[in-house]
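> Sequence first, then the predicted structure, then my questions.
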2 protein chains.
Amino acid sequence: MEAPKLELLMEMHAQNRSKLRQAMASSGSASGVVLLQGGEEQPRYCTDHVDLFRQESFFAYLFGVREPGFYGALDLTSGKAVLFIPRLDPEYAVWLGDIHPPSYFKERYQVDAAYYVDEMVQILQGFDPKNLLYLLYGLNTDSNKTSKPASFKGIEHFNTDLDTLHPILVECRVHKSKLELDLLRYVNNVSSAAHVAVMKAARVGMKEYHLESTFLHYVYMQGGCRYTAYTCVCATGENSSVLHYGHAAAPNDRTLLHGDMALLDMGAEYHCYCSDITCSFPITGKFTDDERVVYGAVLEAQKAVISEIRPGVSWIDMHRLAEKKILGALKDAGFLQGDEEEMMQRHLGAVFMPHGLGHFLGLDAHDPGGYPKGMERIDAPGLRSLRTVRILEEGMVITVEPGCYFIEALLIPALENCETAKFFNKEAFQRLRGSGGVRLEDNVVVTANGCENLTKCPREIRDVEEVMAGGSWAIC
Amino acid sequence: MEAPKLELLMEMHAQNRSKLRQAMASSGSASGVVLLQGGEEQPRYCTDHVDLFRQESFFAYLFGVREPGFYGALDLTSGKAVLFIPRLDPEYAVWLGDIHPPSYFKERYQVDAAYYVDEMVQILQGFDPKNLLYLLYGLNTDSNKTSKPASFKGIEHFNTDLDTLHPILVECRVHKSKLELDLLRYVNNVSSAAHVAVMKAARVGMKEYHLESTFLHYVYMQGGCRYTAYTCVCATGENSSVLHYGHAAAPNDRTLLHGDMALLDMGAEYHCYCSDITCSFPITGKFTDDERVVYGAVLEAQKAVISEIRPGVSWIDMHRLAEKKILGALKDAGFLQGDEEEMMQRHLGAVFMPHGLGHFLGLDAHDPGGYPKGMERIDAPGLRSLRTVRILEEGMVITVEPGCYFIEALLIPALENCETAKFFNKEAFQRLRGSGGVRLEDNVVVTANGCENLTKCPREIRDVEEVMAGGSWAIC
C-alpha cells in the first residue's frame, strides 16, 4: 500500500482552505482573516515528560502542519494562506534538530508566506483594512466542550468575530473531498489489513494486548501509521460487552479462553486522518450456533443499512433499521418473542445496542458536525446516543457499526420491567448472558447514488472462518 | 521474563508509604495527613478524544493506582492508607465497564480503607484532630514546573502545609527499595532484549520508524509493557546528532542507508517504572575504522564511569571523567590535538557531549531529586546540562549515558573560536562531520560497594557485530 505523497496532501489542504473561503463568502464573509492557533505540546503534570504531539484537528484540516506552536491565517479577500512559526531558542538545534527558517515551512506546507509568530500582529494588520479576525469558537457536540479561539499578544488591535467561523468550518469538514477520501481509503486499507493479520494471529492463551500489539505493529510497519485514531479496544469474552473497553482501568489484559468471542475496535491514523474499524470473531476460528445467530444479526443489520445509505436518507431511520434487524434475528432464533413493532415502540433495541449506529469520521474519530445549530438529540433510549441525526449527503463519511451486546446493567432492568420482560424467552436467552457482544464497524462514504465501503475486512461468517483457517484475503 | 505479581507491587507501594511516614516523622512531622491527588484524563483540545491515561508519578509511587480521578491519604499518626474513588455515573457500566465499590479498590490496592471522593472531607476530619493536611507542592528541577497540590471541595476546613511534603517525598523516590529495583530490573531486561531484537532486524532500506515499531511490539508482546518511558529516538545517519530526535517534527521517518550509524534511545515502562537505554551500531553490522574510534571513545567513557560509581562519588566528577575519556580517545586517534588538561579547562568535551552524563530514573525517565534545596546548577558548558550534581548514595538509580556527537551548531563556533579551534586536526576531523553521533546509555543502581548495571545490551564492538551477524545474546 502506497501512502499519499506529501505534495498531494498539501494540495488537499489548499483545497480545504479554498472550500472554507468559498463557504465564508457564500454566507457573507468575503473579507477579513481567518486565524487559527495550532496545538501546543503538553507536558505530563509537573514533569518534563512530553507525550508525542498530535496536531489540533481544525488546524490540521486547513494547514497540515505537524509541528506544535504554529498559527495559520487565511486572508479571505486574496485567498492567501500564511503560517506563523515559533522563534526557536538556539538550543533547539542541539536537542531537537535543525532550526528551519520561515521559507522552509512556506515550501513544505505550500502556503503563500511564512513568518515568525512575533511578527503576526504586523503581518495581519497588513491584510484587512478593517482588522477583522474570524476566530474559532464553538461547541463540540460529542465532548460538550468548546474550542479555544486563537489568542496572542496584540490581539486587542483587532476586531474579533467568534460566531461566524465555527459552524462554517465544521460544515466544510463534514463533506470530504476526493483527496481526503483517498487518504481515508489508504488508512482504511492499512487498518483492514492489520485486522486480518490480528485475526490470523489470535490464539487461545494469548493476552488481549497481544492482539493490540499485533495491530499497532502492523499499521506502523506496513503503513507508516504512528498514531491510532483512539485507544485500541481488544475485548474478549464478557469484556466485549464493555463498549469502550481497553482504557487504563480496563487495559486489554485478559487471557483468551476457548469459547471466547473477540470484539476488536481498532483504527490507525495517517496524516491526522482516522479509520475506525471493529471486527468480531470466535478465538477458535469456528462460530458456534449461538454465535452465528448474534453475529448474523449484527451482520444483517450492517448489510441492510449499507444497502440503504444514499443522499436523502435519515440517519435516525438507519439506526432504527439496524435495531429492527437485530431484534428480528434474535426473535427468529427464539431468544426473543412477541410483536416486533411493539419491541420497537418500547425501544428494546437499545437494550442490546445502547450506542448510536455510527458517527462522522475524518480528522477525529468522532468528527464534528453531527448536530448543526437547530438540531437536537432525541430523548429516547439508543437514539439519544446518536452522534448525528442528520439526513445523509454526498461526501459524508460515517461509521456503520451496529452491535448486539449482553450488558447486565441493561439486561437486569429490562428483565425486571414487565413492559419489556415479556419479550424475552428467558430459558433460551440465558445462554447469551455473559457471552459479551458483537460489533461490526465499517467506514463508508456517501456517494451520489449510494455509498462506498472503505473498509475491507472479511465480514461473512464463511470468510471469517476461512481467513482464520489460513485463507488469503485481498484488501485492495 | 516473568513480570512482578500485583501482590508484590502492592507490597512495594506499602513500603513506599511506610518510608515516607518514617521520613516525615524524622523531620518532625509525626502527625497530620499526607494527601495526594491522582491524575485526571485529559481530552484532546475540544474533542472527546482521550489519550491513554498514565498516572501521575508521585501518586503512582505511593498508591500504585492505575485509574484516573482518585485521591490518596496517608495518616501519619496511624500509618493508615486510604483511597478516595470517584463516584461514577451509572452510564459508566455500559461504556467503560463494571462499577466497582470502594471495597474492590481497598482489596486491589491493599490499603486500609477506601471511600468515595465526596466523603473525603468527613473521613479526613476524622483522622487528625488538628485537621492538618500535607499537600504536594514543589519544583521539578528538570521541567522548572511546580506540582499542583491536591484540591477538592471543602479544603477550606483544613490547615494545609505546602512546604514540608515535597522535598521529603522526592527524597524517598531518590533511593530505590529492593522491590522497586526488582521492577526496574524487569523493565530493563525487557527493554534490553527488545534492543537486541531491533539490532538484529535493522537493514539498509528500512525506515527509522520500523526500528521503533519493532521495539514497541517486542516490549508489549514479550513484556506486557503498554507504555514507553518517553518517545522513541530512532536516529540514523546525521540525525543521530540530534539528542532528542523522534518527536512529532522529526518523526523517525528517514530511510536507513549503507554507511549509517544508528542511535536508538528507547525504554519501556512497566507499572509506571521506566527504563532508559541507548544503543548505537552501524546498520550494516560492521564498524568502520572511524566508527570504532568514536564508538570506542564513548564505550571507554561509559566503562570508566561505571567502574568508578559507588557511594561517595561526585556525579560532577563522573561527568568530567567521561569528557576526559572521550577527548583522550579522539586525540589518540588523531582527530584532536594539544594538551588534554587545557581541553578540559576549555570545556571542549561539551562540544561533543552537550548533555549531562545521566539522570535519576524511576517513575519518571527524568526522576526528580537531582537538585535538592541548596544545590545549584554549575554555569559551565556541559555541566550546566547535568540533571544532578549530587554525591552518589546507595540505592540511587541513574543513567550512565556518555555520548559523542558532531553537531554543526556546536562545531562551527568551536572551530571559529581560536581558543578551541587549535585542538582540532581539521583535515582528519572533517571525516567525522555529518556522521551523526554515538550514545551508550545504561541504567545502574548504586550499591554499597559499587554499582549494578541493570541494562544487558551488547556493548563491546565484537559483541555488537556478533549479535548483528546472527549470534545469540542472553539477557538474564
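Everything's here; your move.

> what's near enough to touch the spatially most central residue of chain A?
In chain A, the C-alpha closest to the average C-alpha coordinate belongs to A:Ala365, at a distance of 1.8 Å (CA atoms, centre = their mean). A:Ala365 sits next to A:229-230, A:267, A:274, A:276, A:359, B:49 when contact means CB atoms under 8 Å, 6 or more residues apart in numbering or on different chains. C-betas here are computed from N, CA, C, even on glycine.

> so which helix or strand takes in the residue lying closest to A:Tyr230 once chain neighbours are set aside?
Leaving aside its chain neighbours, A:Tyr230 sits nearest to A:Ala365 (4.8 Å; criterion: CB to CB, 6 or more residues apart in numbering or on different chains). Taking DSSP states H and E as the criterion, no element holds A:Ala365; it sits outside all helices and strands.

> Same question for A:Glu291.
Applying DSSP H and E as the criterion places A:Glu291 in helix A:289-308.

> now for the helix or strand just after that helix, which elements pack on it?
In the C-terminal direction, the helix or strand that comes right after helix A:289-308 (DSSP H and E) is helix A:315-332. In terms of contacts (3 or more CB pairs under 8 Å, 6 or more residues apart in numbering or on different chains; DSSP states H and E), helix A:315-332 is packed against helix A:289-308, helix A:340-345, helix A:349-352.

> what comes up buried for the shortest one?
Of the residues in helix A:349-352, those scored as buried under the neighbour-count criterion (16 or more other CB atoms under 10 Å in any protein chain shown) are A:349-352.

> Quick check: which ranges of the stretch 51-200 of chain A have low pLDDT?
By pLDDT under 70, the stretch 51-200 of chain A has no low-scoring segment.

> The helices and strands packed on helix A:315-332: which one's closest to chain B?
Comparing those against chain B with CB to the nearest CB, the closest turns out to be helix A:349-352 (10.2 Å).

> Does chain B have contacts with that closest one?
No - for helix A:349-352 and chain B, the contact criterion (CB under 8 Å from any CB of the partner chain) is not met; the two come no nearer than 10.2 Å.

> anything in the helix or strand just after that helix near chain B?
Past helix A:349-352, heading to the C-terminal end, the next element that is a helix or strand (DSSP H and E) is strand A:397-400. No - judged by CB under 8 Å from any CB, strand A:397-400 stays clear of chain B, getting no closer than 14.5 Å.

> Adjacent strands (with direction) for the helix or strand just after strand A:397-400?
Counting by DSSP H and E, the next helix or strand C-terminal to strand A:397-400 is strand A:403-405. In the sheet, strand A:403-405 lines up against strand A:437-439 (antiparallel) (DSSP bridges).

> can you give me the mean pLDDT across the strand it pairs with?
For strand A:437-439, mean pLDDT is 98.

> Contacts for it next, please.
Residues outside strand A:437-439 that contact it (CB under 8 Å, 6+ apart) are A:240-241, A:261, A:263, A:265, A:278, A:280, A:294-295, A:297-298, A:401-407.

> change it to 7 Å
Residues outside strand A:437-439 that contact it (CB atoms under 7 Å, 6 or more residues apart in numbering or on different chains): A:240-241, A:261, A:263, A:265, A:278, A:280, A:294-295, A:298, A:401, A:403-406.

> So what does the residue lying closest to A:Leu386 once chain neighbours are set aside have for phi and psi?
The shortest distance from A:Leu386 to any residue that is not its chain neighbour, by CB to CB, 6+ apart, is 3.7 Å, and that residue is A:Gly356. In this entry, A:Gly356 is assigned phi and psi values of phi -70, psi 160 (degrees, to the nearest 10).

> Run a quick neighbour tally on A:Gly356.
23 (other CB atoms under 10 Å in any protein chain shown).

> One more: the one 10 residues further on?
A:His366 has 23 neighbours, counted by other CB under 10 Å.

> Pretty sure A:Arg387 is one of the things it touches, is it not?
Yes - taking CB atoms under 7 Å as the contact criterion, A:His366 and A:Arg387 are neighbours in contact, 6.0 Å apart.

> Name the residues contacting each of those two.
Common contact partners of A:His366 and A:Arg387 (CB under 7 Å, 6+ apart): A:142, A:359.

> buried stuff in the longest helix along chain A?
Taking DSSP state H as the assignment, the helix of chain A that covers the most residues is helix A:178-201. The neighbour-count check on helix A:178-201 (16+ other CB under 10 Å) flags A:179-181, A:183-200 as buried.

> got it, and stretch A:315-324?
For stretch A:315-324, a neighbour-count test (16+ other CB under 10 Å) marks A:315-316, A:318-324 as buried.

> Stretch A:54-69 and chain B, any residue contact?
Yes - in terms of CB under 7 Å from any CB of the partner chain, part of stretch A:54-69 sits within range of chain B, namely A:54, A:56-57, A:66-68.

> And that stretch, how far out from the chain middle?
Relative to its chain's centre, stretch A:54-69 lies at 17 Å (CA atoms, centre = their mean, to the nearest Å).

> Repeat that for stretch A:221-232.
Using CA atoms, centre = their mean, the mean C-alpha position of stretch A:221-232 is found 13 Å from that of the whole chain.

> Could you do stretch A:15-28 as well?
Its chain's average C-alpha position is 24 Å from that of stretch A:15-28, according to CA atoms, centre = their mean.

> Can you mark which positions in that stretch are buried?
Of all the residues in stretch A:15-28, those buried under the rule 16+ other CB under 10 Å are A:16-17, A:19-21, A:24.

> just checking, which of those residues belong to strands?
Secondary structure assignment (DSSP state E) places none of these within strands.

> Output the residues you listed as CSV; include the columns distance to chain B and pLDDT.
Output for the buried residues of stretch A:15-28, formatted as CSV (distance: CB to the nearest CB, whole Å; pLDDT from 0 to 100):
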residue, distance to chain B, pLDDT
A:Asn16, 18, 98
A:Arg17, 20, 98
A:Lys19, 21, 98
A:Leu20, 18, 98
A:Arg21, 23, 98
A:Met24, 20, 98
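
> can you list the residues of the stretch 101-250 of chain A near chain B?
Taking CB under 7 Å from any CB as the criterion, the neighbours of chain B within the stretch 101-250 of chain A are A:140, A:142-143, A:145-147, A:209-210, A:213, A:216-217, A:220-221, A:224, A:226, A:230-231, A:242-245, A:247-250.

> That should have said the stretch 301-450 of chain A, apologies.
The stretch 301-450 of chain A comes close to chain B at residues A:354, A:364-366, A:407, A:409-410, as judged by CB under 7 Å from any CB.

> how about CSV for the residues you listed, with pLDDT and distance to A:Leu336 added?
Converted to CSV, these look like this (pLDDT from 0 to 100; distance: CB to CB, whole Å):
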residue, pLDDT, distance to A:Leu336
A:Pro354, 97, 17
A:Asp364, 98, 36
A:Ala365, 98, 32
A:His366, 98, 31
A:Ile407, 97, 16
A:Ala409, 95, 19
A:Leu410, 97, 14
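
> OK, contacts around the closest residue to A:Ser57 other than its chain neighbours?
Distances taken as CB to CB, 6+ apart place A:Leu363 nearest to A:Ser57, at 3.9 Å, with adjacent residues excluded. Taking CB under 7 Å, 6+ apart as the criterion, A:Leu363 is in contact with A:57, A:60-61, A:173, A:272-274.

> Try it again at 10 Å.
Under the criterion of CB atoms under 10 Å, 6 or more residues apart in numbering or on different chains, the neighbours of A:Leu363 are A:55-61, A:173, A:180, A:229, A:269, A:271-274, B:47.

> returning to that earlier point: isn't the residue nearest to A:Leu386 up against A:Leu383?
Yes - A:Gly356 is in contact with A:Leu383 according to CB atoms under 10 Å; the separation is 7.7 Å.

> Pull up the overlap in contacts between these two.
A:316, A:319, A:377, A:389.

> Once you drop chain neighbours, what's closest to the third one?
In this case it means A:Arg377. If the residues on either side of it in the chain are set aside, A:Arg377 comes closest to A:Arg384, at 5.4 Å by CB to CB, 6+ apart.

> Strands of the stretch 1-150 of chain A, start to end?
Counting by DSSP state E, counting those that start in this stretch, one finds strands in the stretch 1-150 of chain A at the ranges A:33-37, A:71-75, A:81-85, A:113-116, A:132-134, A:139-140, A:145-146.
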